[in-house]
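Trainee: A structural model of the following input is requested.
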Amino acid sequence: MRYLLTISLLMAGCATSPKALPVQPDAPTDSKNLSTLGEEIDISENRVAASLVAIERNADKPAVVTAEAKLGQAYLAKPSEGDIAFALARASAADPAAYAKQAEYGKRLLAAVDSKWARLEADQFEAKRVSNLKDARIAELTKAVEQARKDATSNLWTLAGIAVAVLGAVAMVFAGPRIGGSLLLSGAAIGAFPQIADSEYFAYIAGSSLALAAGLGIYWLWDHVRDSANAPYEPPQK
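Mentor: Next comes the predicted model:
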């Protein structure tokens, strides 16, 4: 019956296995580096934008315009020769429509970058969430494996205790209550050992058991010596 119950519980556990974990996005789980990078990009963009505002408001001061333009370039990557040529041609033409077109393109590009950055932050948050779920699942499975190991060990001790108790019952009939009773008590102790070992009072129980065993051993030795001393003298046979 014990084995049928165990098999039933295992089958029930398989039937109610935990849900599959969601797919973890390909993104870092630590938000520290991403946040630091975002802050650095914001600083660079804000200072370039501030230099452009200073240029616009000091258009009548060539020295200031040149200084602010160079300062803004210090926060940006070096442009390609093609981009430089394109900008110089636009400046030579001074066509308002061309400026308006490029401004619209810049707004769309900035919106796309912001959208991708937001997506990256969302992926990072989801990656962290799924990583935490995986850690929790690993801890859960580790706990289940440890519990299964304890249950298997406990079952072995229980079977050993039952076997010793059966021997004790047989010994009660054929060898007397002293031996049979000892075996019965030993079987009970063996069967209860896993619960005792896991108890917070294990040290006290083990110490008391050892003291009791020592006391019984001393009593047996004393009784044996006493019986030997009180035995009638029998002269050696010639």
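
Trainee: How far does stretch 41-61 sit from its chain's centre?
Mentor: Relative to its chain's centre, stretch 41-61 lies at 48 Å (CA atoms, centre = their mean, to the nearest Å).

Trainee: what helices or strands is the helix or strand harbouring Ala163 leaning on?
Mentor: Secondary structure assignment for Ala163, by DSSP states H and E: helix 96-174. Secondary-structure packing of helix 96-174 (3 or more CB pairs under 8 Å, 6 or more residues apart in numbering; DSSP states H and E): helix 31-57, helix 81-93, helix 177-197. Using the backbone N, CA and C atoms, a C-beta is placed for each residue, glycine as well.

Trainee: run the last query once more with 7 Å
Mentor: Judged by 3 or more CB pairs under 7 Å, 6 or more residues apart in numbering; DSSP states H and E, the packing partners of helix 96-174 are helix 31-57, helix 177-197.

Trainee: Select from the ones you listed the stretch with the lowest mean pLDDT.
Mentor: Of all those, helix 177-197 carries the lowest average pLDDT, namely a mean of 71.

Trainee: contact partners of that helix?
Mentor: Residues from elsewhere that reach helix 177-197 (CB atoms under 7 Å, 6 or more residues apart in numbering): 153-154, 157-158, 160-162, 164-165, 167-169, 171-172, 202, 205.

Trainee: tilt between it and helix 96-174?
Mentor: If you take axes from the mean of the first three to the mean of the last three CA atoms, to 10 degrees, helix 177-197 sits at 170 degrees to helix 96-174.

Trainee: Can I get helix 177-197 as CSV, trimmed to CA atoms?
Mentor: Output in CSV follows, covering the C-alpha atoms of helix 177-197 (Å, rounded to 0.1, in the frame of the first residue of the first chain):
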residue,chain,number,x,y,z
PRO,A,177,10.6,-11.1,26.3
ARG,A,178,14.1,-9.9,27.2
ILE,A,179,15.5,-10.3,23.7
GLY,A,180,12.1,-9.8,21.9
GLY,A,181,11.3,-6.7,23.8
SER,A,182,14.8,-5.3,23.1
LEU,A,183,14.4,-5.9,19.4
LEU,A,184,10.9,-4.3,19.5
LEU,A,185,12.3,-1.2,21.1
SER,A,186,15.2,-1.2,18.7
GLY,A,187,12.8,-1.4,15.7
ALA,A,188,10.8,1.5,17.1
ALA,A,189,13.9,3.5,17.6
ILE,A,190,15.2,2.7,14.1
GLY,A,191,11.9,3.7,12.5
ALA,A,192,11.8,7.0,14.4
PHE,A,193,15.4,7.9,13.7
PRO,A,194,14.8,10.2,10.7
GLN,A,195,12.2,12.3,12.7
ILE,A,196,14.6,12.4,15.6
ALA,A,197,17.6,13.4,13.5
